[in-house]
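A.B. asks: kindly generate the corresponding structure for this input.
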Amino acid sequence: MYTIAALYHFTRFDDPAALKPPLLALCRDQGVTGTLLLAREGVNGTIAGPRAGIDAVLDHLRNLPGCAGLEWKESTSDSPPFGRMKVRLKREIVTMGQPDVDPAARTGHYVAPHDWNALIRDPDVAVIDTRNDYEVAIGTFEGAINPGTESFGQFPAWWAANRDALRGKRIAMFCTGGIRCEKSTNFLLGQGVNEVFHLKGGILKYLEEVPEDESTWQGSCFVFDNRVSVGHGLRQGPHRLCHGCRRPILPEDMKNPAYEAGVSCHRCIDETTDADKARFRERQKQMALARERAG
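C.D. replies: Residues are numbered from 1 along each chain as shown. Take a look at the predicted model:
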């Protein structure tokens, strides 16, 4: 059984590059895989491994400057969710492209999962899903607005185009684990919106804590590991991943003539060139050869 820990923490790292080597060495020594992002604004990522290994890495992270209050969400998997360990240096741990946004300074009001339903059913509340369009497509909360963004960096422009239509509304936002809402609520506060709320712990905490028969969640939640999607109780969902475009697809989508393993699906077949597809086929060939050598 593999323990999975999804985490983020906003703090100020003066020299993120100096933090990378010991963190990466510890993860590898403990058999932990996944991805951790380090930036001047903090740390973000998802890791998986044995219980003792995850505990060792979390303990290390909590001892980094300003990270004593680090929180994380846990789930489990019977198979390895990640192939290897990566620690990357980034300008932002979640890219919004707004230099004045500072979640460490202030954010919106946190709403506990068990209080979320009552909030979003209020007719004076506009509920906004801050995730990318392909994530929203497989599941969201009933009545939520889909901004239709391809990346989080597009959210400020979407807000500028739609703020008048939402004027006078209280704003409730949510995302997978909570990190995007730390930035989006700070952004809206800076835009003069006074009543801004966000789901504490994100969709993952809601699916973990709220019983399915009381839930206002519809569909599955996309996750950035080999499980692809999860549902209530964080049970693995039915989705697979198109390795051509990294979007979630269903098993029946793999019967579509547009589907070619590692190359394309019905969503992306017209989005890539023949040269792209040839490159993807070569990648698949090399991966198959690697598996043969290993097995």
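
A.B. asks: going forward, measure contacts and count neighbours with C-alpha atoms only.
C.D. replies: Noted.

A.B. asks: confirm Gly45 sits in a strand?
C.D. replies: Yes - the assignment for Gly45 is a strand, going by DSSP: H, G, I helix; E, B strand; the rest coil.

A.B. asks: how about the contacts made by it?
C.D. replies: If you count contacts by CA atoms under 8 Å, 6 or more residues apart in numbering, Gly45 has them with Ala6, Leu7, Tyr8, Gly34, Thr35, Leu36, Leu37.

A.B. asks: right, and the secondary structure at the fourth one would be what?
C.D. replies: Read that as Gly34. Reduced to three states with three-state DSSP, the structure at Gly34 is strand.

A.B. asks: which residues does it bridge with?
C.D. replies: Per DSSP bridges, the residues bridged to Gly34 are Ile47, Met85.

A.B. asks: if I look at Thr46, what pLDDT would I see?
C.D. replies: Looking at Thr46, its pLDDT stands at 94.

A.B. asks: burial check on it, number of neighbours?
C.D. replies: For Thr46, the number of neighbouring residues by other CA atoms under 10 Å comes to 22.

A.B. asks: from Trp116, how far out is it?
C.D. replies: Remark: distance between Thr46 and Trp116 (CA to CA, to the nearest Å) = 25 Å.

A.B. asks: which strand residues bridge Ser229?
C.D. replies: Here Ser229 sits in beta bridges with Phe222, as judged by DSSP bridges.

A.B. asks: what is the subsequent helix or strand relative to the helix or strand hosting Tyr134?
C.D. replies: Assessed by DSSP states H and E, Tyr134 sits inside helix 133-136. Heading C-terminal from helix 133-136, the first helix or strand you meet, by DSSP H and E, is strand 139-141.

A.B. asks: I'd like the next helix or strand past that next one.
C.D. replies: helix 155-162.

A.B. asks: returning to that earlier point: ok, which pair from the contacts of Gly45 is furthest apart?
C.D. replies: Taking CA to CA as the measure, these span a maximum distance of 13.7 Å, between Tyr8 and Gly34.
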